[in-house]
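pasting the structure only:
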C-alpha cells in the first residue's frame, strides 16, 4: 500500500508546512503551492488570470501550469521532499 503511505506522508507534510520556524522564500512558497495543487487536483483546471497587474495570481498560475503532466504521486513526493528540506 505504497499509495496510501504516500498519501499519509503528504497529509503530514501539508500540516507541517503550516508551522515553519521561518517564512519560506516566495519562490519556495510558489513551489509548495504548485506541487500541492498538482498533487491534489492534477493539471491546472482554471483559465489564466485576466488582470495583468495581479502578479501573485499570475505567478501561482504559471507555477502550477509548469507542472503539467506531472503525476499526482510525483507531485506528492516532491512536496514532501520540499517540506522536509524547508524544515531543516
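Done, it's in. If you're wondering where the values come from, they're calculated on a predicted model, not measured in any experiment.

And whichever strand or helix holds residue 6, what's buried?
Taking DSSP states H and E as the criterion, residue 6 maps to helix 2-16. Neighbour counts over helix 2-16 (16 or more other CB atoms under 10 Å) mark 6, 9-10, 13-14 as buried. In this view, the C-beta of every residue, glycine as well, is placed from N, C-alpha and C.

Could you find the closest non-adjacent residue to the residue most central in space within the chain?
Central residue of the chain (CA atoms, centre = their mean): residue 35, 2.5 Å from the mean position. Nearest residue to residue 35, sequence neighbours excluded (CB to CB, 6 or more residues apart in numbering): residue 79, at 4.0 Å.

the strands in this protein, which residues?
Along the chain, no stretch is classed among the strands by DSSP state E.

what bits of it have low per-residue confidence?
1-3 (pLDDT under 70).

Show me where it has its helices.
Here the chain has its helices, by DSSP state H, at 2-16, 26-40, 55-65, 72-87.

which strands and helices sit next to the last one?
Helix 72-87 makes packing contacts with helix 2-16, helix 26-40 when contacts are defined by 3 or more CB pairs under 8 Å, 6 or more residues apart in numbering; DSSP states H and E.

nearest to residue 68, of these?
Among the helices and strands packed on helix 72-87, the nearest to residue 68 by CB to CB is helix 26-40 (8.5 Å).

Please name the residues that touch the closest residue in space to residue 70 that isn't next to it in sequence.
Closest residue to residue 70 apart from its sequence neighbours, by CB to CB, 6+ apart: residue 38 at 5.5 Å. Counting by CB atoms under 8 Å, 6 or more residues apart in numbering, residue 38 touches 64, 67, 70, 72, 75.
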